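J.: Mind looking at a prediction? Sequence and model below.
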Amino acid sequence: MERLAIANRLYAAEGTLRYIRFVDDFPSVAYNSAWMDIGGVQSRSDPKVYVVQTATEAVKRCLLMTTDPGDLVFDPTCCSGTTAFVAEQWGWRWITCDTSRVALTLARQRLMTAVFDYYELSRPPHEGVKYRVSVHGFDYYNTKTGVVESGGGDKIAVWLLDTDYDGRSLYPRQVFFPMVSDKEGWARLAKNLKAEIDEELIEAYRGTVSLPFEPGPHKRIAVKIVDDRGIESLKVLEVE
């Protein structure tokens, strides 16, 4: 007790002595229900796009604590789309919906225009590359009809290539935007999203053929396609 008093580790509280513990006493501390480092459910630092908008950091912590990489996350009241935004950022699959058209419009625009740190756009080829990927179309399962439907390359809004897919999280090394037609491409997509898209900025990344690349250690590539309706499909290929 004397050693604790000398070390200034005691304080008087309600007729008894209590022990003072500092944050740096232990190298790590398990998270509990008291998250003192999060200022509130509604963050003041996140860009405000909706009247009811949960803090990104709060959703991220809930997601990482309760799910595993690659899990499917469902948010039935998307509001500004924060849950889907965080899930996409960390490589999780997600489904979200809302009864409000305003919320759906804001969430869709936020997700389609988001830029994440782990995204890496296509770069010029380097010496020793051996492979290219050519996208001719896509298949997806129509939940209304119960059949698999197909679409051509002219219906692809964006496609992403992971040249070293680990089987869990998609890490796009190259990103392309094939639709550039004034009538059917970006103009149509921008109208749906209520947003403006600068075609000059994406001119270098259009097309359905990737830049040359060398496969990574996993010897597996993944192609994620998003069509002009926002429907996603994924194709995984082994590389010899």
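T.: Structure's in. What do you need? Please read all numbers here as calculations on a predicted model, not as lab measurements.

J.: count of residues packed around the closest residue to Val52 other than its chain neighbours?
T.: Spatial nearest neighbour of Val52, chain neighbours left out: Cys79 (5.1 Å); criterion: C-beta to C-beta, 6 or more residues apart in numbering. Every residue, glycine included, has its C-beta placed from N, CA and C. By other C-beta atoms under 10 Å, 21 other residues sit near Cys79.

J.: What of Ala222?
T.: Neighbour number of Ala222 under other C-beta under 10 Å is 21.

J.: which residues does it contact?
T.: Residues near Ala222 by C-beta atoms under 8 Å, 6 or more residues apart in numbering: Leu161, Asp162, Tyr165, Leu170, Leu234, Lys235, Val236, Leu237.

J.: Kindly recompute the last result at 10 Å.
T.: 160-167, 169-172, 234-237 (C-beta atoms under 10 Å, 6 or more residues apart in numbering).

J.: For PyMOL, what selects the buried ones among these?
T.: To isolate the buried members of those in PyMOL, using 16 or more other C-beta atoms under 10 Å:
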select buried, resi 160+161+162+163+164+165+166+170+171+172
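
J.: Check the gap between the residue nearest to the spatial centre of the chain and Arg21 for me.
T.: Centroid-nearest residue in the chain, with C-alpha atoms, centre = their mean: Glu88, separated by 1.8 Å. Look at Glu88 and Arg21: by C-beta to C-beta, to the nearest Å, they are 39 Å apart.

J.: okay, now Glu214: neighbour count?
T.: 14.

J.: roughly how far apart are it and Asp75?
T.: Look at Glu214 and Asp75: by C-beta to C-beta, they are 38 Å apart.
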